[in-house]
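Participant: sequence first, predicted coordinates after that:
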Amino acid sequence: MDVRDCYRILGGDYDEVLARFCNREELARKFLYKFLDDQSYGLLMESLHEQNMEEAFRAAHTLKGVSQNLGFDRLQKSVGELTEALRSGKERPSDALVEQVREDYKTTAEAIQMLRESVSD
C-alpha cells in the first residue's frame, strides 16, 4: 500500500493533499502517522461518555480541523456534522451521528496503520 492507496480508502483527494505538502509524499506520510497519536478522538469519546458537551465540542472541532488539513474527507464530513450538533454545548448528539464518526475514525486509523505496516522508512 502507498499513500495514494491510503487516500483512496479514506475518500480523500491524494493530489490535493500532496500539494499541501509541497509534493513531498514522505512529509504527507509523516503527518498521517502523527494523526494516530492525536488525542482529539479519545477526548471526544470520553467527553461524550461523561456528558461534558462543551469539552466534546472542543475535541470534535479540533478533530474536524485536523481531518480537514489532512484531507480525510469522509471523517471531516461526519465529525463536522457532530461539531455542529454539539455547538450549543447542551444536548447530546444522536447515537447514529456518534456511531458514524466512530466508523469513519476507525476506517481512517486502520488505513493509516496498514500504510505504516506496508512501508518501511
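Facilitator: Looks like it arrived, so ask away. Numbering: from 1, shown residues only.
Participant: can you list the low-confidence ranges for this structure?
Facilitator: 120-121 (pLDDT under 70).
Participant: what about the helices in it?
Facilitator: Under the criterion DSSP state H, helices of the chain are mapped to 3-10, 14-20, 25-35, 40-49, 53-70, 73-86, 95-118.
Participant: quick check, central residue of this structure?
Facilitator: Nearest to the mean C-alpha position of the chain, counting by CA atoms, centre = their mean, stands residue 67 at 4.3 Å.
Participant: residue contacts, the residue nearest to it when sequence neighbours are not counted?
Facilitator: Using CB to CB, 6 or more residues apart in numbering and skipping residues adjacent in sequence, the residue nearest residue 67 is residue 76, 3.8 Å away. Every C-beta, even on glycine, is put in place using the N, C-alpha and C of the backbone. By CB atoms under 8 Å, 6 or more residues apart in numbering, the contact list for residue 76 reads 64, 67-68.
Participant: and if you look at residue 56?
Facilitator: Taking CB under 8 Å, 6+ apart, we find residue 56 in contact with 44, 47-48, 86.
Participant: what does stretch 33-41 contact?
Facilitator: 59-60, 62-63, 66, 70, 72, 105, 108-109, 112-113, 116.
Participant: and what of stretch 89-107?
Facilitator: 9-10, 41, 44-45, 48, 51, 53-54, 57, 60, 63, 72, 74-75, 77-79, 81-82, 85-86.
Participant: ok, of these, which come out buried?
Facilitator: The neighbour count (16 or more other CB atoms under 10 Å) marks 9-10, 41, 44-45, 48, 53, 57, 60, 63, 72, 74-75, 77-79, 81-82, 85-86 as buried among these.
Participant: tell me, how many residues neighbour the nearest residue to residue 80 once chain neighbours are set aside?
Facilitator: Nearest non-adjacent residue to residue 80, counting by CB to CB, 6+ apart: residue 64, 5.0 Å away. Counted with other CB atoms under 10 Å, the neighbours of residue 64 add up to 23.
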